[in-house]
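> Starting from these lines, generate the structure:
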Amino acid sequence: MLNEIFIQTEDQRAILETVRQFVDNEVRPRAAELDAQKDPEDGFSWEIIEAAHAIGIRTMTLSEKYGGLGTDSLTTSMVVEELAKGDLGISVVMAQTLKLAQIMEKALNEDQKSRVLPAFAEDPRGCLAIGITEPDNASNYFLPYPSSFRTTAEKTEGGWIVNGMKHFISNGNRSSFYLLFVQTKKGVGLSEGSTCFLLERGREGFSIGRVHDKMGERLANNAELVFQDCFIPDENVVGEVHKGFQTLSEFFPQSNAYAGASVLGVAEACYSKAEEWAKIRVQGGKPLIEHDGIRAQLAEMRMLIDASRSYIHRACYLADNQDQGWDKTLGALPKAMASQAAWKIATWTLEIHGGHGYMKEFGVAKLLRDAACFLHSDGVNRTLFLKAANFMYDVPDYNNN
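As a prediction, the model looks like this:
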């Protein structure tokens with residue numbers, strides 16, 4: 001397997017072998033049927049989440065104090081990639097949950113952690129989500145545009161009254177706890193006037209809106225979060241009031257790389273399918289793999305996968321060891337590189353399969369739909385390139401992120 005050359009420790013090998021068995025036993029047998037469900041909510045499987053809980057995947061980024069393994073960002077990215085080889089949606093459900101559990105243990109205060117982390121760890125269906133994206137505020141929060149969130153909070157005695165809506169939220173309709181970013185100071189941009197809140201499911205005034213009907217990544221649900229005079233107490237403020245984006249900047253450096261790891265798993269699934277087909281499909285009197293052009297194309301796929309993985313692993317390692325050379329472009333570029341590589345590999349896989357690739361039963365169509373997701377998800381690539389360029393050339397960043 002291509003991932004083997006990057007594994008550094010026996011612990012990582014053992015974890016990844018467990019994840020591979022989980023993918024083979026729980027994900028692959030269900031993925032195609034779940035992907036084909038007409039209602040987007042029916043693509044989600046609690047059975048898969050519960051199976052992930054049973055073998056410790058769901059909580060592995062928590063410290064041993066809370067029943068986890070304390071996996072670092074590099075190991076977590078390997079797990080996320082391995083999950084995506086079975087299905088992108090399952091990888092995204094787990095990546096969001098693993099990432100936010102990791103962040104919550106660092107960003108929440110002791111009282112907040114005592115209220116959230118034990119309950120999350122013990123719940124076999126526990127998922128986590130983060131509410132940032134709105135219809136009017138999506139990738140622009142990555143860039144130096146002094147826009148404000150439309151979701152606002154007004155101060156009241158003992159807390160805040162929240163009104164507005166978030167959309168496209170991964171795990172939005174499935175999570176038990178959320179990190180929610182809203183505007184708490186009027187007349188200023190996101191970086192100066194937004195606050196991060198801890199939000200529990202079931203709070204009065206908070207409801208789930210539409211579950212989005214997506215082209216791909218259908219085993220993960222994305223949904224609207226709707227707030228109508230929702231009271232959130234002061235004790236649920238994460239970090240400082242009006243300084244929510246400092247929380248993002250301080251605790252989210254590996255988020256982009258996890259997204260890259262998810263789509264990289266799709267690229268690997270495409271590569272494996274293309275290689276297998278090239279060995280058995282005969283054209284021009286010989287297997288496709290004996291044609292120079294096809295063989296060279298497979299080599300280029302391999303190069304793109306290996307290079308993208310190296311970039312992702314570098315970003316994850318340095319996110320945890322920032323004194324050894326972290327730079328802010330690593331919070332933007334690895335996902336962009338991996339998603340572009342995955343899209344190219346997916347389209348090549350379709351071409352190598354010819355007409356067969358266009359038929360749903362061969363599975364290439366699903367991979368193509370999944371690969372398209374991360375050209376936009378976790379930041380539109382063109383926006384991320386500009387974000388990185390602004391870091392490189394010291395362009396002021398109003399969002400300080």
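
> any idea how far residue 199 lies from residue 228?
Distance from residue 199 to residue 228, counting by C-beta to C-beta, to the nearest Å: 14 Å. Where C-beta positions appear, they are placed from N, C-alpha and C, glycine not excepted.

> Neighbour count for these two, which is higher?
The neighbour count for residue 199 versus residue 228, taken as other C-beta atoms under 10 Å, is higher for residue 199 (24 against 13).

> what's across from that one in the sheet?
Listed beta-bridge partners, residue 199: residue 178 (assigned using DSSP bridges).

> correct me, but it touches residue 206?
Yes. Using C-beta atoms under 8 Å, residue 199 is in contact with residue 206, at 6.7 Å.

> Ramachandran angles for residue 274?
Main-chain torsions, residue 274, degrees, to the nearest 10: phi -60, psi -40.

> Apologies, that question was intended for residue 39.
In terms of degrees, to the nearest 10, the main-chain angles of residue 39 are phi -80, psi 120.

> Where does the nearest residue to residue 85 once chain neighbours are set aside sit, in terms of helix or strand?
Distances taken as C-beta to C-beta, 6 or more residues apart in numbering place residue 265 nearest to residue 85, at 4.6 Å, with adjacent residues excluded. For residue 265, the host element (DSSP states H and E) is helix 255-280.

> Parallel or antiparallel, list what pairs with the helix or strand just after that helix.
Using DSSP H and E, the helix or strand that follows helix 255-280 in sequence is strand 282-283. Neighbouring strands of strand 282-283 in its sheet, by DSSP bridges, are strand 286-287 (antiparallel).

> Give me the distance from the strand it pairs with to the chain's centre.
The chain centroid and the centroid of strand 286-287 are separated by 39 Å under C-alpha atoms, centre = their mean, to the nearest Å.

> How about stretch 147-162?
27 Å.

> In it, which residues are buried?
Across stretch 147-162, burial judged by 16 or more other C-beta atoms under 10 Å covers 147, 148, 149, 151, 152, 153, 159, 160, 161, 162.

> What's the separation between the first one and residue 190?
If I follow you right, that is residue 147. Look at residue 147 and residue 190: by C-beta to C-beta, they are 6 Å apart.

> Need phi/psi at residue 214.
Backbone torsions of residue 214, given as degrees, to the nearest 10, read phi -90, psi 160.

> wait, it sits on residue 40?
Yes. Here residue 214 reaches residue 40: they are 6.6 Å apart, a contact under C-beta under 8 Å.

> Can you tell me how far the nearest residue to residue 377 once chain neighbours are set aside is from residue 235?
Spatial nearest neighbour of residue 377, excluding adjacent residues (C-beta to C-beta, 6+ apart): residue 259 at 6.6 Å. Taking C-beta to C-beta as the measure, residue 259 falls 31 Å from residue 235.

> Neighbour count: those two, which is higher?
Legend: neighbour count by other C-beta under 10 Å for residue 259 and residue 235, higher for residue 259 (28 against 12).

> wait, doesn't the more buried one sit right on residue 381?
No. Residue 259 is not in contact with residue 381 according to C-beta under 8 Å; the separation is 11.0 Å.

> which residues are in contact with both of the two?
Taking C-beta atoms under 8 Å, 6 or more residues apart in numbering as the contact rule, residue 259 and residue 381 both touch 335, 339.

> and residue 41, how many neighbours?
12.

> Return the residues in contact with it.
Contact analysis of residue 41 by C-beta under 8 Å, 6+ apart lists 173, 211, 221.

> Out of the residues you listed, the closest to residue 96 would be?
Residue 96 lies nearest to residue 221 out of the contacts of residue 41, by C-beta to C-beta, at 10.9 Å.

> Was I right to think that closest one contacts residue 168?
No. Residue 221 lies out of contact with residue 168 (C-beta under 8 Å); the separation is 10.8 Å.

> the more surrounded of the two?
More crowded of residue 221 and residue 168, by other C-beta under 10 Å: residue 221, with 27 against 17.

> residue contacts, the more buried one?
Applying C-beta under 8 Å, 6+ apart, we find residue 221 in contact with 40, 41, 43, 44, 170, 171, 172, 173, 174, 211, 212.

> and those, which of them are in strands?
Secondary structure defined by DSSP state E assigns 170, 211 of those to strands.

> Buried members of the contacts of residue 221 into ChimeraX, please.
Per 16+ other C-beta under 10 Å, the buried members of the contacts of residue 221 correspond to this ChimeraX selection:
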select :40,43,44,170,171,172,173,174,211
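
> which one of the contacts of residue 221 sits closest to residue 307?
Nearest to residue 307 out of these is residue 170 (C-beta to C-beta; 26.5 Å).

> Just the pLDDT for the residue nearest to the closest one when sequence neighbours are not counted.
Nearest non-adjacent residue to residue 170, counting by C-beta to C-beta, 6+ apart: residue 96, 4.9 Å away. pLDDT recorded at residue 96 is 97.

> Return the helix or strand where residue 96 lies as PDB; C-alpha atoms alone will do.
Remark: residue 96 resides in helix 88-107, with elements defined by DSSP H and E. Taking C-alpha atoms only, helix 88-107 is exported to PDB below (Å, rounded to 0.1, in the frame of the first residue of the first chain):
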ATOM      1  CA  LEU A  88     -15.200  10.100   1.600                       C
ATOM      2  CA  GLY A  89     -18.300  10.800   3.600                       C
ATOM      3  CA  ILE A  90     -17.300   8.500   6.500                       C
ATOM      4  CA  SER A  91     -13.900  10.200   6.500                       C
ATOM      5  CA  VAL A  92     -15.400  13.600   6.700                       C
ATOM      6  CA  VAL A  93     -17.800  12.600   9.600                       C
ATOM      7  CA  MET A  94     -14.800  11.200  11.500                       C
ATOM      8  CA  ALA A  95     -12.400  14.000  10.500                       C
ATOM      9  CA  GLN A  96     -14.700  16.700  11.800                       C
ATOM     10  CA  THR A  97     -15.300  14.800  15.000                       C
ATOM     11  CA  LEU A  98     -11.600  13.900  15.600                       C
ATOM     12  CA  LYS A  99     -10.500  17.400  14.800                       C
ATOM     13  CA  LEU A 100     -13.000  19.100  17.000                       C
ATOM     14  CA  ALA A 101     -12.500  16.800  19.900                       C
ATOM     15  CA  GLN A 102      -8.800  17.600  19.700                       C
ATOM     16  CA  ILE A 103      -9.500  21.300  19.600                       C
ATOM     17  CA  MET A 104     -12.100  21.300  22.400                       C
ATOM     18  CA  GLU A 105      -9.600  19.600  24.800                       C
ATOM     19  CA  LYS A 106      -7.200  22.500  24.100                       C
ATOM     20  CA  ALA A 107      -9.600  25.400  23.700                       C
END
